[in-house]
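Participant: A structural model of the following input is requested.
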Amino acid sequence: MTNISLGNYIEIDKESAIGYEITFAALLATALLFVPNVSTPLYPVAIGSAFLLLTTTLVRRMSFLNPYSKDLLRSTTPLLVISTAFGLLYLTLVLGSFTQPYIPFVNPRPSTLGLLYAVAFCLGFVLLYEALFRDFFLLICIFAYNQHLEHQGTILGRIALTISKKSLSSSLLPKSEWPKEVRKIQTVDSQSSPNVSVRIRILHLIGTLLAILGIVLIFSLPLVVFYLLMSMVASPNVTSIIIDGGLLAIAVNYLIVSLRFLYGRYGQTPFTEIASPKRYMYYSLILYALYFIHVAYEQGLFLS
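Facilitator: Reported below is the predicted structural model:
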């Protein structure tokens, strides 16, 4: 089989994509401008994110109308994703702050509760989106399969094929509605591959190991920083560190993945950019840093 073009299954014109980005930005910016201040260090960032969202979508709209500035679409995508991700994260913090007094016995910190809401939001988004539109797992399946073809005969290629098949089996779209090209994915054998040199296999193995190491580091970083912050004010509580660190890692990275899917599916950003490991790490580190500033404030380390 050859690559399956995602463009065949994403029918959206540029005007509609621009309209989607503007509507999404306006909705989130309005929410950020109206919610109360629940974090002294993060509230100015939240207000700034609202205006950054509106400004970025305006610039992207102007770029569409100007044939000499198409590179602006690519260069402004990170601003769009990071401001949207932070805005949603701040809204969950607001929700956590307002609901915290009504949770008896456990008495969690507002930030912990906010992260729990963020994780629930990300998981709920996938389930709700698939139930309503039925193409989330289908598109992930196609994208992963194309990655399998690109890295065929290597460990990464076999992992991509496994993800592709698992995504397809999770799709709520009836088999009778699966595209003809997609149906053949179920019969693809992961062991059947063209001749790949030993050198290429070794390079792919090293790349896969580095990618796994990067994922481990990006998910373990919150645990380390939470430990350092808590050790400044009291004896570190291992359970609390694991819960808060795990929730932050899952919330931030799942949120970024969800937004990359939405902007890739309905916005002007090409869907093929849904997976960009380096960008994921940059986005994650920025959101981690901002959230740790709030946790330090919450712990009374500064601005108290």
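
Participant: which other helices and strands contact the helix or strand harbouring Gly48?
Facilitator: Taking DSSP states H and E as the criterion, Gly48 maps to helix 43-65. Helix 43-65 sits against helix 14-34, helix 71-99, with contacts defined as 3 or more CB pairs under 8 Å, 6 or more residues apart in numbering; DSSP states H and E. For the C-beta atoms, the positions are set from N, CA and C on the backbone; glycine is no exception.

Participant: can you tell me which of those helices is most buried?
Facilitator: Comparing the helices and strands packed on helix 43-65 by mean neighbour count (mean count of other CB atoms under 10 Å), helix 71-99 ranks first with a mean of 20.

Participant: before we move on, the earlier item: report the buried residues of the helix holding Gly48.
Facilitator: For helix 43-65, the neighbour count (16 or more other CB atoms under 10 Å) marks 43, 45-46, 49-50, 52-54, 56-57, 59-60, 63-64 as buried.

Participant: quick check: mean pLDDT across it?
Facilitator: Averaged across helix 43-65, pLDDT comes to 93.

Participant: likewise stretch 83-103?
Facilitator: 93.

Participant: Phe105: neighbour count?
Facilitator: 4 (other CB atoms under 10 Å).

Participant: can you put the helices and strands packed on helix 43-65 in JSON lines and add distance to Leu115?
Facilitator: Formatted as JSON lines, the helices and strands packed on helix 43-65 follow (distance: least, CB to CB, whole Å):
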{"stretch": "helix 14-34", "distance to Leu115": "18"}
{"stretch": "helix 71-99", "distance to Leu115": "7"}
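
Participant: tell me which element the closest residue to Phe302 other than its chain neighbours is part of?
Facilitator: Leaving aside its sequence neighbours, Phe302 sits nearest to Ala296 (CB to CB, 6 or more residues apart in numbering; 6.1 Å). In this assignment (DSSP H and E), Ala296 forms part of helix 277-298.

Participant: would you put the C-alpha positions of that helix in CSV?
Facilitator: Taking Å, rounded to 0.1, in the frame of the first residue of the first chain, the C-alpha atoms of helix 277-298 are listed here in CSV:
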residue,chain,number,x,y,z
PRO,A,277,8.0,16.1,19.2
LYS,A,278,10.3,19.1,19.5
ARG,A,279,7.4,21.5,19.6
TYR,A,280,5.6,19.3,22.1
MET,A,281,8.6,19.5,24.4
TYR,A,282,8.9,23.3,24.0
TYR,A,283,5.1,23.8,24.6
SER,A,284,5.3,21.5,27.6
LEU,A,285,8.3,23.2,29.2
ILE,A,286,6.6,26.6,28.8
LEU,A,287,3.4,25.5,30.4
TYR,A,288,5.3,23.6,33.2
ALA,A,289,7.2,26.8,34.0
LEU,A,290,4.1,28.9,34.2
TYR,A,291,2.2,26.4,36.4
PHE,A,292,5.2,26.0,38.7
ILE,A,293,5.2,29.7,39.3
HIS,A,294,1.6,29.4,40.5
VAL,A,295,2.5,26.4,42.7
ALA,A,296,5.3,28.4,44.2
TYR,A,297,2.9,31.2,44.9
GLU,A,298,0.3,28.8,46.3
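
Participant: which strands and helices lie in contact with that helix?
Facilitator: If you count contacts as 3+ CB pairs under 8 Å, 6+ apart, helix 277-298 packs onto helix 71-99, helix 110-133, helix 198-231, helix 238-266.

Participant: contacts only, for Val38.
Facilitator: Each residue near Val38 by CB atoms under 8 Å, 6 or more residues apart in numbering is listed here: Leu93, Val94, Ser97, Phe98, Pro110.

Participant: you'd agree the first one is up against Leu42?
Facilitator: What it means is Leu93. Yes - in this structure, Leu93 is within contact of Leu42 by CB atoms under 8 Å, at 7.3 Å.
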